[in-house]
Each structure stands twice: as C-alpha cells, then as structure tokens.
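# My questions concern the predicted model and sequence given below.
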Amino acid sequence: MLHNYLRRTGFRRQLTVIVSAAIMCLALFSSLMNSWEASRRMRDHFIAQGQRVADNLARQSTLALLFHSPENARDVVATTLTFPDVEGVRISDTRHRVVLAQARDGATLAGDTAAAPVSASLLGESDDAWRFGAPVYGGQSEASPFDLHERQPQLIGYVQVQVGKGTLKRLSLSLLLGNLAITLSFAVILLILVRLLTRHMIKPLNALSTLMRRAEAGQSGLRAAPAGPRDLIEMASAFNQMMSVLEQREAELKESRDAAVSMARMKAQFAATVSHEVRTPLNGVVGMLDMLKEMGLDRRQQECVDVAWNSSRTLIELINNILDFSKMEAGKVSLDETQFSLPDLLEEVIEVVAKQAQLKNVELGYLFEAGVPEYITGDSLRLRQILINLLGNAVKFTERGEVSVLVGLLKDEPAHAAPPDAALGAAFGLRFDVRDEGIGMSPETQRHVFESFVQPDPSTTRRYGGTGLGLAICKQLVQLLGGDIGVSSALGAGTTFTFSIRCKWAAAPAPTPRPALAGARVLLVDASAIVRGFVRQTLEDRGVDCFVSANGGGALAELRAAAEAGAPYGALIMDMEAIDEDGLSLARRVDGVGLAVLILDRYGAAPQGGHASLSKPLRRVRLLDGIAALLSAPRAAPAGRVGAPAAGTP
C-alpha cells in the first residue's frame, strides 16, 4: 500500500507530508513533555504546601487537645478551611478520638482516622484529593535553664487535612492547552516555511521534468536552466549534455538516412533506365519470334522458338515489375479514374491468365455478392494490374482445382446493385477475395510475403520462379487505391488473398439490346463449382430458370423429372469433362428429346454432333449470346424419351 502511494504521488507532496508529519509529532511530543514536567512540579508544590498547612494546624491545635475542647479548635479549623483547595480538617487525640472534624460544603472527609504520622507528611492520595497529617505535641515550648534534663515533647494528638486537586487539574489542563497552542502555532509557521522551501526546491525539478517530457515527445533544441540545489544543478547539466549527444547522433542519422535514400533513388532510377533500355530490344526479339512461329517451321525448330519466346516474355515481365517498383519507390505513380464495367475488367484479367490455367487444367471464374454494382469509377489500370498479379500467382501455385475471384462490398457499405441518384459519385469500399487450391503457405512465409525482394521459401522459388516483387507491388498499389491487403493460408490447403479498394458509384450506360431470355429453363452440368456459380448467377440475373448439376447422372435425373412434370428444359449446357461420362456422350443421349445443347470446352474445339460450343473461361456476353442463339434455333421434334440412348449411341 505504501509502495503504491509513493508511486502515485509526486516528490513535493511526499516531502511535504513527511516533514509535516515529523513537525506535528515533534510538536505534540514537546507539548506533552512540557505539560507533564510542569504538572509534576506543581504537584510537588501543592504537596509541600499541604504539609505546611497540616504542620501549622498542628501547632495551633495544642490547646484544644490539652483541654479536649472542640470550641477552642473551631477558630483554628475555620481559618484552615479558608486556604485554597482545603476541603476538610480532622483533629483527634492519641487514642484517635475525634475532637473536631469539619469539611467544606459539598466535601466529604475520607481516609483512615487511625493514622499516626510522626511528622507533617502525605498520608494518602486519591484521584480528587490528598490527605496530609501531622502530630500535635504539648508541654513547655522553651527549655528552662534550671532543668537538669532536656524536656521531651509530649504527643497529645493528630491533625489531618484534606486538600483537593481541582486547582492542580485546571492548571495542568490550561498548561497543556497553552503548550499545544504555542507548539502548533510554531508548527504551522514551520509548515508554511517548509512548503515555500519545497516549492523553491521542486520548481527546477518540475521544469526539468517538463523538458524531459517534451524531449520524449520528439522536440529538439531543449536545454535546462541550472537552478536550485547542487544536486538539481548537476541533473540539469547532465540533461543538457545528454540532449547535445542525442541531437548530434540524430543529425548523423539524418545524414545517413538522406544519403541512403538518395542512393536508393539513384539505384531505382538506374534500374528503371536500364530496364527500359533492355525492354526495347526485347520487344523486338519477341516480335521476331512471333514472325518465326508463322513461317512453317518443323517440330524441332518450333520447340526452339517456343523456348526463346517464353524466355523473352519472362524477361519482359521481370523488367515491367522492376519499372513499376521503381516508379512507386520514386512516388511517380498517379491515379487515373475512369468509369468502367467491373465484370468486363474481371473477364479481361481472366483471359490474360487463361492460357496458363488451361495448360494446368485449372478452372477460372468470378462471382459477385449481392449489392455489388456493375459499373464503378476508379483506376481500372491499377486494379487490373493487381488482379493479374494475384491471379497469375494463384494459377502458378495451383496444380489442379479452381482459382476464383469473389467480389463483395465492405462491411457497413450500403448494398445497391443499381445505386440511387443520390449515391452516384459517392465513395464506397469493395472487397476482392482471390482464392486458389494450391500448395498454400506457412505462417512464417505469410509474415514476409509482401516484402520487396523477399523469397521466403527458396525451394518454391527454384520450382516456380518469381522475383519477389509482384506482391510488394500489389500492396503498394492497393494502398494507393485507399485499401489494404492481407493473406490467409495453410500448407496444402490453398491460399486466399483479400484486398480492398475505395471507388465511387457510377451510373450504368444504356444497355445494349439483347434477346429476351426471361422464362427460359436451362440445365447446366459442370464439375467446377466456380463455373456453376458463375453461369447460374449470370443467367438468373436475366430471368432464366437455371438448374445446376455436378455430373451427368444428376442431369439425366433432373431431365426425367422435368419431362414428367410437364416443364421440360429448353437447353442443356454441358462441360466436355463431365465427371461420370463424356459430355458429348451425354449430349447424344438427350438428342432424341429435341433438347438444345451447348458444349463448354476448355480448348475451344469446333462444334461436334451439330451442337454449339463455347470455350472456357466463359464471358458473360458470349454466354448470353450463345444461350439466346441456342434457344432461338429450330430443333428437330423429339424422337425418344429422356435418358434413352439415341440411335447409334453406344
């Protein structure tokens, strides 16, 4: 408790409290000691006075005791009772028979009547009074020159005097109060002097403390004025010396920092210049290689050209990253806000990485959450660059499965797919989740994944390549767009990069006239969840009743159920790589019922069996146009029941 109090209170208060307590204790102790000593002396004085009164009464009581006459003692007793504090008198003979006993009004005689003092002395004491006694002697008081022997006094009785302590108590109390008043007055004066002295002593310390707090807050050029006791002067001098050393070191650090920044800028400028000079001839190399590809080379020559072309594209990508990084480090990147279609942008990005995904059998797609507008105002070029980097990484580290982009509004943002006029031009936040089913990352890798020129896992770099700049550039671009970026991943469980941007609501342009699809019923068969979600979302936005299935068996069951219910489907959209049987085989099985079929093919193969086809990755416009053409084309009359093999079908 004391430790906590000392930590909570200041030095001045602690010093004042300690000195005040010491002064008050000293004043109280001094008052009590002085009062006790004075009371002791007054008590001795009153006892001596009482003994003299008793002795005087004894000498005046001789005649009364010789004749045993109370009348002779009354005047003496009355005179004795006039003395201050004398409360009563008792005169008795040697046999302790009382000759006369008298007390003041209201007083009570106490004590032992058989007491036999040999001289005037204190016989007893109570809280309220003293009892004094003295012997009474008779006979000739002066010796006769004719006596052969010295006469001995004859004891003829005793006297007792009771003296009250009232005066002593009043004087003691008055003395104690007087001492307390005097000592407390001096104590108050001392406390005032101590407070003034501590204020004078603490003022330089408080000033030094204030300077230290200002120095802690980052102010420079502070110096303490030496003042106060020697210790405080030494503290102020030490503080001034410390500030001088710190300012000198800070100046040295600033010089080193400025030199390092200048050197970094020079390096970045040099890298940008060199990269630009290298990129120009590389573009020429790539152009020549493209021309060589069209010259009818044999297989071996074609392979060599492909290797050279891929290497050149890798070098150009590396140089582009270095140029972008150099621009951002130099602060030369600015935003160019335009109105654009968010779905169109995503489809363009997916087209860029589609070839790489097709080679690895990786599905690509995107989905919108409810309330996401189609048209926004923002920097489409920077957003496109971010998405290409993230999707390219996702495809690079995914051997099989899906790579998807989920777009949604940030929390607490109003959901308006078609914003009201009042919201047009208002800023809001968009969230992008780029998910893959690749190799994932460890927690250690995630902590350093956005750092420049950092390759957390060298083995992954050797296998997949990369410069360590792509994600660092993404982070800087996201921050430039007013958002933030993060990652969540686990080894072997895929990775999700989540980033946000700030953009503005934009009015949608007049829609392009398209065939009406509302009310049509379409059946989709695809093993990819992202493709099923994309197709269903796109068609349902146009009023199409879309049923999705992950395999051909489920699709056949749904076709039978729809036919029996009298609500047949108008078209079948089918992936060439259906899970449980080939897409063309399933298409041939439903040919007999006159169902229009649209084949989804990763490689964009030509239509087979009279069926229309679309290449993956899908785009909204191509999908809607393909469905419209499919539903409007005349179909042959049904020739069989759903699920029965068509003629010539194994």
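Yep, that arrived.

# Name the next helix or strand following the lengthiest helix in the chain along the chain.
Looking across the chain with DSSP state H, the single longest helix is helix 230-293. Remark: after helix 230-293, the chain's next helix or strand is helix 299-329, criterion DSSP states H and E.

# what's the angle from that next one to helix 230-293?
150 degrees (axes from the mean of the first three to the mean of the last three CA atoms, to 10 degrees).

# buried ones in helix 299-329?
The neighbour-count check on helix 299-329 (16 or more other CB atoms under 10 Å) flags 305, 309, 312, 316, 318-319, 321-329 as buried. All C-beta spots, glycine's among them, are computed from the backbone N, C-alpha and C.

# which one of those is nearest A354?
Of all the buried residues of helix 299-329, W309 has the smallest distance to A354: 17.8 Å, by CB to CB.

# Identify the residues contacting the closest residue to L297 other than its chain neighbours.
Closest residue to L297 apart from its sequence neighbours, by CB to CB, 6 or more residues apart in numbering: V305 at 6.4 Å. Applying CB atoms under 8 Å, 6 or more residues apart in numbering to V305 gives the contacts 289, 292-293, 297.

# By neighbour count, which of the residues you listed wins?
Counting neighbours by other CB atoms under 10 Å, L289 comes out on top of these with 19 neighbours.

# and T496, how many neighbours?
Other residues lying near T496 total 16 when counted by other CB under 10 Å.

# Quick one: residues contacting it.
The contact partners of T496, by CB under 8 Å, 6+ apart, come to 433-436, 487-489.

# Give me the distance between it and G365.
15 Å (CB to CB, to the nearest Å).

# before we move on, what about D344?
15 Å.

# These two: which has the busier surroundings?
More neighbours surround G365 than the other of D344 and G365, with 23 against 15 (other CB under 10 Å).

# tell me the secondary structure for the more buried one?
With DSSP: H, G, I helix; E, B strand; the rest coil as the basis, G365 sits in strand.

# sorry, back to before: which members of the buried residues of helix 299-329 are the farthest-apart pair?
Of all pairs in the buried residues of helix 299-329, the most separated under CB to CB is V305 and E329 at 36.2 Å.

# which helices and strands sit right next to the longest helix of the chain?
Applying 3 or more CB pairs under 8 Å, 6 or more residues apart in numbering; DSSP states H and E, we find helix 230-293 packed against helix 166-216, helix 299-329.

# got those helices as a markdown table, with distance to L383 columns?
Listed next are those as a markdown table, based on distance: least, CB to CB, whole Å:
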| stretch | distance to L383 |
| --- | --- |
| helix 166-216 | 43 |
| helix 299-329 | 14 |
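
# same question for stretch 339-351, mean pLDDT?
Per-residue pLDDT values across stretch 339-351 average out to 90.

# roughly how far is that stretch from the heart of the chain?
40 Å (CA atoms, centre = their mean, to the nearest Å).

# Contacts for it, please.
By CB under 8 Å, 6+ apart, stretch 339-351 touches 364-366, 368, 372-378, 380, 383-384, 387-388, 391, 405, 407, 506, 617, 619-620.

# Of those residues, which belong to strands?
Among these, the ones falling in strands (DSSP state E) are 364-366, 368, 375-378, 405, 407.

# What strand or helix carries F450?
Using DSSP H and E, F450 maps to neither a helix nor a strand.

# For it, which non-adjacent residue is spatially closest?
Of all residues not flanking F450 in the chain, K475 sits nearest, at 4.5 Å (CB to CB, 6+ apart).

# neighbours around the one you found, how many?
Residues near K475, counting by other CB under 10 Å: 20.

# got it, and A54?
A54 - counted by other CB under 10 Å - has 28 other residues nearby.

# about what we covered before: now the longest helix of the chain: how far from the chain's centre is it?
Worked out by CA atoms, centre = their mean, helix 230-293 lies 33 Å from the chain centre.

# picking up where we left off before, and which of the contacts of T496 is nearest to P153?
S488 (122.4 Å).

# Show me where the stretch 301-450 of the chain dips below the pLDDT cut-off.
Along the stretch 301-450 of the chain, the model assigns pLDDT under 70 to residues 314, 329-332, 413-423.

# quick one: the strands in the stretch 351-500 of the chain?
362-368, 375-378, 401-409, 427-436, 485-489, 495-505 (DSSP state E, counting those that start in this stretch).

# Distance to A527 added to those, as TSV?
Formatted as TSV, those follow (distance: least, CB to CB, whole Å):
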stretch	distance to A527
strand 362-368	8
strand 375-378	32
strand 401-409	10
strand 427-436	17
strand 485-489	24
strand 495-505	22
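
# Return the most buried member of those.
Stretch with highest mean neighbour count among the strands of the stretch 351-500 of the chain: strand 362-368 (a mean of 24; mean count of other CB atoms under 10 Å).

# how many degrees apart are it and strand 401-409 in direction?
Relative orientation of strand 362-368 versus strand 401-409 (the same axes, to 10 degrees): 10 degrees.

# Which positions within stretch 542-554 qualify as buried?
In stretch 542-554, counting by 16+ other CB under 10 Å, buried: 542, 544-552, 554.

# Out of those residues, which one has the lowest pLDDT?
Taken together, the buried residues of stretch 542-554 show their lowest pLDDT at G552, with 74.

# thinking again about what came up before, in CSV: the buried residues of stretch 542-554, plus distance to S613.
Output for the buried residues of stretch 542-554, formatted as CSV (distance: CB to CB, whole Å):
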residue, distance to S613
R542, 21
V544, 19
D545, 23
C546, 19
F547, 21
V548, 19
S549, 19
A550, 20
N551, 20
G552, 17
G554, 22
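
# In strands, which of these fall?
Members of those lying in strands (criterion: DSSP E): 545-549.

# Against V449, how distant is the closest residue to R43 other than its chain neighbours?
Of all residues not flanking R43 in the chain, L168 sits nearest, at 6.2 Å (CB to CB, 6+ apart). In this view, L168 and V449 are 95 Å apart by CB to CB.

# between the two, which one's more packed in?
Neighbours were counted for L168 and for V449 using other CB under 10 Å; V449 has more, 22 against 18.

# so where does Q339 fall, helix or strand?
strand 338-341.

# how about that strand: buried residues?
Of all the residues in strand 338-341, those buried under the rule 16+ other CB under 10 Å are 340-341.

# Listing partners with orientation, what would you give for that strand?
strand 375-378 (antiparallel) (DSSP bridges).

# quick revisit: just to check, the residue nearest to F450 is in contact with I485?
Yes: K475 is in contact with I485 according to CB atoms under 8 Å; the separation is 5.3 Å.

# what sits in contact with each of these two?
F450.

# Give me the below-cutoff pLDDT ranges for the stretch 551-650 of the chain.
For the stretch 551-650 of the chain, residues meeting the criterion pLDDT under 70 lie at 577-594, 602-611, 634-650.

# Can you show me the helices along it?
552-564, 583-591, 620-632 (DSSP state H, counting those that start in this stretch).

# can you put the ones you listed in a markdown table and add distance to A110?
As requested, those are exported to a markdown table (distance: least, CB to CB, whole Å):
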| stretch | distance to A110 |
| --- | --- |
| helix 552-564 | 123 |
| helix 583-591 | 132 |
| helix 620-632 | 123 |
